[in-house]
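Chemist: Dropping a prediction and its sequence here:
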Amino acid sequence: MIPANFDYESPRNLSEALTLLQSREDAKILAGGHSLLPAMKLRLAQPTLLVDIGRIKDLSYIRESGDRVAIGAMTTHADIAGSQLLRKSSPLLALAASQIGDTQVRNRGTVGGSLAQAHPSADYPAAVLALDAEIVAQSRTGERVIPATSFFSGMFSTALRNDEILTEVRVPRTEGQRAAYKKHHHPASGYAVVGIAVLLKMSGAKIDSAAIGITGVSAIAYRATAVERALRGKSAAEIAGAAAQAGSDVEFIGDTYASAEYRQHLVTVMTRRAVEEAAKGR
Amino acid sequence: MTRNGKSNGASSNGGKGNSDVRWFGQKLKRKEDPRLIKGISHYTDDFKPAGMLHCAFTRSPHAHAQIKSIRIDAARALPGVVAVFTAEDTTGIGPVPCAIQMPDLKVPSHPVLATGRVRYVGEPVAVIVAEDLYTARDAAELVEVDYEPLPVVTDMEKALGKDTPHVHEEFKSNQAFTHSLKNGDVDAAFKKADRIVKQRMINQRLAPIAMETRGVLAEYLPGENRLTVWSSTQIPHLLKTQISLLVGLPETAVRVIAPEVGGGFGSKLNVYGEEGIVPWLAMKLGRPVKWAETRRENFLATIHGRDTINYVELALKKNGTILGLRARILADLGAYHQLLTPLIPQLTALMHAGCYKIPAIQIDIVGVFTNKMSTDAYRGAGRPEATYNVERIMDIAAHELGMDAAEFRLKNFPQPNEFPYTTITGLTYDSAKYQESLKKALKLAEYDNLRRRQKTGLKEGKYYGVGVSTYVEICAIGPSAATPAGGWESGTVRIEPTGKVTLLTGASPHGQGEETTFAQLIADELGIDPQDVNVVHGDTMAVPYGIGTFGSRATAVGGTAAYMAAQKLKAKMSTLAAHLLGVKPADITIGRGRLTADGGKKSILFGDLVLSAYTARNIPPGFEPGMEATHFFEPSNFTFPFGCHICSVEVDAETGEVKIDKYVAVDDCGNVINPMLVNGQIHGGIAQGLGQAMWEELIYNDDGQLLTGTLMDYALPKAHCLPEFTLGSTVTPSPVNPMGVKGVGEAGTIASTPCAVNAVCDALAHLGVRHIEMPLKPERVWRAIRQAQSSGPKSESTKSKPPAKATSNARRPRA
């Protein structure tokens, strides 16, 4: 519970932070600290330099940006969960944020930190995948926009380069669509054993199109494309059949709480329930 | 919360002389809380004597290994490191004590640092002392230990087989002890039974997880030859004696202080190696030394609870009358004995009569060594295991007989006029009305409605279940003859010259609230305000020798000691008042801040009387000046609180998730001093018991690695997981002590675990599900449903098969 020795810097602007990040090979960005600090306390992570980006102004915001909503990397889960703008224009991310950890975690943890950490059971990945969000990374050479669908590359690994800092997430406005986030919480950690993010375009009782992101069941979150295809043009009564494909071509993870087999079962049940909930409207 | 405080109020035991305001029975707010809520109180880790050093331990990453060599050069070379010690340096520190003696008990040597071998993950191998905590921790990582891994023993049933590695080679067996309790003609009972109901059940290993981890701070003054040890303990006096033995100082040179202690749940009813090492370091290095346990260490190296495999059988007549009970129990002790390790399963044996008339019983227990941390007392300590066995088999039996769970229990209770009731296990239950308690719980739970909902729910594909658990537990531990280190308690009441009262108690509250309840009972006796009574505990230099707080004993034994001391003091006050007022002592009435005689015509203020005892200018001949009395109270028996808990659950048929939607608890702990604190104990107890039923589980893998060793993996119950509790009570005073109190610290934990499991199994009984092992994780429940659906209803029970034998499928699922 006592971390190994490390140096600590708290730069005042992004360019200083980017310079510091490159000054040492094992330097780590500290955002809300809710993943990194526990790992350091258990000495599972031992970076020699922490670059705390918490003092950099203008990394915490939620604002309209054309046909998207832009969210600063240092925006807390609590701010996202409580954002009127998101609730109105693009509620799925807020729904996912509202189910992260507990109040204390949501008050400190940040969207940028969580996405960059790429925990296989984090909540946001399901939502950003379903939303076709964009993730903005800054380096000293400039800005890069990474589609969410190519952001997660493996367990705890992303498309971010060592010299980049995640600065913003952009989600499309989804007015007129139906959203739902269903989660089976791990009873100790609060992480998603299964997390299902659903966006539906409906015309009357029919589903025009569906976007479904699933987290917690495999090394990386994924889009349930088979379910999405199967739902197209279907009615509520046909959801169960489509949802049965939520785990096709997925390599399930298992742990002391839930085996791979159980996750596989749970993902189909919960996908059905999430789509049904979205279809009913909220 | 429906418990009515006033109705639990005082008995008439106060005798004459008390004011008409009685504090006994009042919901007085806890005197302890303001300082705790403000965070201005002091726990062990808050003390920082000048010159203090910090220590950290290098602990074994292996469950079983030979230590080939230890190199400490790198650790010692780190700037800020003061000293590094290994087992070869600490041979002068006595072994970690075990207080239990049994005829065939194998007691392995248990040095404070691992010597030659490590036998569980987390066993301390070296201790590092440094100027600051960070350096100490860094240096702990620099100690290089060359281990040769050995085969690991984790499975109790395999551990007893042939061709198994041994935790302790010298014993050539992993069997640590056997214990049998047999009474009545068990064979005949099972022979004539119409039905025998059997079940194998696992009581999983749990972590006590007190909010405050352990901590030890020691300071030695060589001039005065005074060793002061602050430790987060439940037993400061016993610890003082043990530390003197561990470090070889006369007991008079040792002072133990248990300052604010943030919970224990039995885990601090112990003497740990660190409590020998830290004082030894302070003496050796001539500077104060502190160790504050990390949560990770707390998981690995503070005692665990439960961990038994149980084969339970009940012999029954067709009409539901119990003829006999048989149980074979394996208890996982871990690698070494801590203070009470082998005692806990014996308590389990003792409590197997539950609250039923059982004419014949046989309990056979085998204690088993494994490469894990020791098990020992954890809230309930042996009784939850017994209650779980009894209440689960009762429920399974009711289902098999087609009887209602409540009706079946009622049929087998002893009648109120049969108390004191001697059980087949040899205990004498002091007083009880089991029928009243059960009926009250049924009413509060609206039991018939719950059963109706269950029936109609099934038609809609909803699985509702109702769990009933009637329990009796053993408290006020206990008569000294039944305890390893004395079962009495001390109390000293001292009225200071200003009239303020100091109560010194040998009990050692660590969250229970006795600073408030003991003040209430003393205030009643002396006719003063509880705010004027200061309860002092936990400092062996201030308080006469005492036993401590555990086993729901503080009120019934420690409270009684204080009460008895107050009686002595009242006699003394009356003698002096009679002298001053010119009347007989028997004529004196004490109350409302004064002592009066002749119907109030003659009186003296409480404060004036006390002052005159100190000024001592006008005292009767032979009267000892001062105003202080001490009583050491030896209880004549345990007390046996009881009650009935009922809960209802809904099981998600598709996912196996369980929702507890109603929880009713009717508890009887005798007379109640402060109903608010009793309710608090019951609330916390239920939460902890449901924790075992639903979420908590220490899982060691086959290599002896603890897989659920952080709070991110080990699931404690949180407020949002729990339903609102509806509490009710009955009051059956205990005849064992003058206040008629029984104890309530563990009741909730004991009753709630089988209550929840009974409810979930009841919800699935229509599918043929008979038993699901704890914790009732959704996956387990889902598998039980799936298996039942694929195989249809079935029964394990037969007419007199031989007792179940150990089988190789004993390994815990997913371990």
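Modeler: Happy to help now that I have it. Numbers count the residues shown, from 1 in each chain, chains lettered A, B, ... in the order given.
Chemist: who in chain A is up against chain B?
Modeler: Within chain A, the positions near chain B by C-beta under 8 Å from any C-beta of the partner chain are A:1-2, A:4-5, A:38, A:42-43, A:184, A:186-189, A:256-259, A:262, A:265-266, A:269-270. Backbone N, C-alpha and C define where each C-beta goes, glycine included.
Chemist: Quickly list the domain ranges of the chain.
Modeler: Since no chain was named, I'll use chain A. A:7-55, A:62-172, A:178-280 (automatic domain parsing).
Chemist: switch to chain B, that's the one I care about
Modeler: Here the domain parsing of chain B from automatic domain parsing is B:7-41+B:478-633, B:385-415+B:432-475+B:640-804.
Chemist: nearest to B:G426, of the ones you listed?
Modeler: B:G426 lies closest to domain B:7-41+B:478-633 among the domains of chain B, at 10.5 Å (C-beta to C-beta).
Chemist: CA atoms only: put stretch A:34-48 into PDB for me.
Modeler: The C-alpha coordinates for stretch A:34-48 follow below in PDB (Å, rounded to 0.1, in the frame of the first residue of the first chain):
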ATOM      1  CA  HIS A  34      -8.300   5.900  -9.800                       C
ATOM      2  CA  SER A  35      -6.600   3.100 -11.700                       C
ATOM      3  CA  LEU A  36      -2.900   4.200 -11.600                       C
ATOM      4  CA  LEU A  37      -2.600   5.000  -7.900                       C
ATOM      5  CA  PRO A  38      -4.000   1.700  -6.600                       C
ATOM      6  CA  ALA A  39      -1.700  -0.200  -9.000                       C
ATOM      7  CA  MET A  40       1.200   1.800  -7.800                       C
ATOM      8  CA  LYS A  41       0.300   1.200  -4.100                       C
ATOM      9  CA  LEU A  42       0.400  -2.500  -4.800                       C
ATOM     10  CA  ARG A  43       3.600  -1.900  -6.700                       C
ATOM     11  CA  LEU A  44       2.100  -3.500  -9.800                       C
ATOM     12  CA  ALA A  45       3.000  -0.200 -11.500                       C
ATOM     13  CA  GLN A  46       6.300   1.500 -10.700                       C
ATOM     14  CA  PRO A  47       6.600   4.600 -13.000                       C
ATOM     15  CA  THR A  48       9.500   6.800 -12.000                       C
END
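Chemist: Do me a favour and average the pLDDT over stretch A:91-109.
Modeler: The average pLDDT within stretch A:91-109 is 97.
Chemist: List the buried residues for that stretch?
Modeler: By neighbour count with 16 or more other C-beta atoms under 10 Å in any protein chain shown, stretch A:91-109 contains the buried residues A:91-101, A:106, A:108-109.
Chemist: In helices, which of the residues of chain A next to chain B appear?
Modeler: Counted as lying in helices by DSSP state H, out of the residues of chain A next to chain B, are A:38, A:262, A:265-266, A:269-270.
Chemist: Using JSON lines, lay out those residues together with neighbour count, distance to B:V81 and pLDDT.
Modeler: Output for these, formatted as JSON lines (neighbours: other C-beta atoms under 10 Å in any protein chain shown; distance: C-beta to C-beta, whole Å; pLDDT from 0 to 100):
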{"residue": "A:P38", "neighbour count": "16", "distance to B:V81": "26", "pLDDT": "91"}
{"residue": "A:Y262", "neighbour count": "24", "distance to B:V81": "48", "pLDDT": "98"}
{"residue": "A:H265", "neighbour count": "22", "distance to B:V81": "53", "pLDDT": "97"}
{"residue": "A:L266", "neighbour count": "27", "distance to B:V81": "50", "pLDDT": "98"}
{"residue": "A:V269", "neighbour count": "21", "distance to B:V81": "56", "pLDDT": "98"}
{"residue": "A:M270", "neighbour count": "26", "distance to B:V81": "53", "pLDDT": "98"}
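Chemist: before we move on, the earlier item: and the domains of chain A: which comes nearest B:M351?
Modeler: Of all the domains of chain A, domain A:178-280 comes closest under C-beta to C-beta, at 29.3 Å.
Chemist: centre of the chain versus that closest one, how much separation?
Modeler: Counting by C-alpha atoms, centre = their mean, to the nearest Å, domain A:178-280 is centred 15 Å from the centre of its parent chain.
Chemist: swap in stretch B:222-240?
Modeler: On C-alpha atoms, centre = their mean, the centre of stretch B:222-240 falls 23 Å from that of its chain.
Chemist: Just the endpoints, please. Distance across stretch A:58-66?
Modeler: By C-alpha to C-alpha, to the nearest Å, the extent of stretch A:58-66 from end to end equals 19 Å.
Chemist: Could you do stretch B:582-599 as well?
Modeler: First residue to last in stretch B:582-599 (C-alpha to C-alpha) measures 14 Å.
Chemist: What's the first helix or strand after the lengthiest helix in chain B?
Modeler: Criterion DSSP H: the longest helix present in chain B is helix B:560-581. Per DSSP states H and E, the first helix or strand lying C-terminal to helix B:560-581 is strand B:589-591.
Chemist: Contact partners for residue 41?
Modeler: The chain I'm using is chain A. Applying C-beta atoms under 8 Å, 6 or more residues apart in numbering or on different chains, one finds that A:K41 lies in contact with A:1-3.
Chemist: Wait, chain B was what I had in mind.
Modeler: Listed by C-beta under 8 Å, 6+ apart, the contact partners of B:S41 are B:35, B:260.
Chemist: Please apply the same query to A:I253.
Modeler: Contact analysis of A:I253 by C-beta under 8 Å, 6+ apart lists A:120, A:217-219, A:260, A:263.
Chemist: just those residues now: which is nearest chain B?
Modeler: Within the contacts of A:I253, the smallest distance to chain B is 9.0 Å, found for A:R263 (C-beta to the nearest C-beta).
Chemist: Look up the pLDDT of the closest one for me, please.
Modeler: 98.
Chemist: Test my guess that it contacts A:E251.
Modeler: No. If you go by C-beta atoms under 8 Å, A:R263 and A:E251 don't touch, sitting 10.6 Å apart.
Chemist: Compare the contacts of A:K41 and tell me which has the most neighbours.
Modeler: Neighbour counts for the contacts of A:K41 (other C-beta atoms under 10 Å in any protein chain shown) peak at A:P3, which has 21 neighbours.
Chemist: Which helix or strand contains the closest residue to that one other than its chain neighbours?
Modeler: Nearest residue to A:P3, sequence neighbours excluded (C-beta to C-beta, 6 or more residues apart in numbering or on different chains): A:M40, at 3.9 Å. Under the criterion of DSSP H and E, A:M40 resides in helix A:36-41.
Chemist: For the following helix or strand past that helix, what is the distance to the chain centroid?
Modeler: Counting by DSSP H and E, the next helix or strand C-terminal to helix A:36-41 is strand A:49-52. Put simply, strand A:49-52 sits 23 Å off its chain's centre (C-alpha atoms, centre = their mean).
Chemist: strands paired with strand A:49-52, and their directions?
Modeler: Take DSSP bridges as the rule and strand A:49-52 pairs in its sheet with strand A:7-9 (parallel), strand A:28-30 (parallel).
Chemist: May I ask you to confirm that B:H579 is in contact with B:F623?
Modeler: Yes. The pair B:H579 / B:F623 is scored as a contact, 7.4 Å apart, by C-beta under 8 Å.
Chemist: so what's the residue sitting nearest the centre point of chain B up against?
Modeler: The centre of chain B sits closest to B:R379, judged by C-alpha atoms, centre = their mean, with a distance of 3.0 Å. Residues near B:R379 by C-beta under 8 Å, 6+ apart: B:208, B:265-266, B:305, B:685, B:688, B:745-746, B:749.
Chemist: What does it show for phi and psi?
Modeler: B:R379 has phi and psi values of phi -10, psi 110 when expressed as degrees, to the nearest 10.
Chemist: give the contact list for B:A130.
Modeler: Applying C-beta under 8 Å, 6+ apart, one finds that B:A130 lies in contact with B:53-56, B:78, B:80-82, B:136, B:139.
Chemist: and these near chain A, which?
Modeler: Filtering those for proximity to chain A by C-beta under 8 Å from any C-beta leaves B:A56.
Chemist: Quick one, which of the contacts of B:A130 are buried?
Modeler: Applying 16+ other C-beta under 10 Å to the contacts of B:A130 flags B:53-56, B:78, B:81-82, B:136, B:139 as buried.
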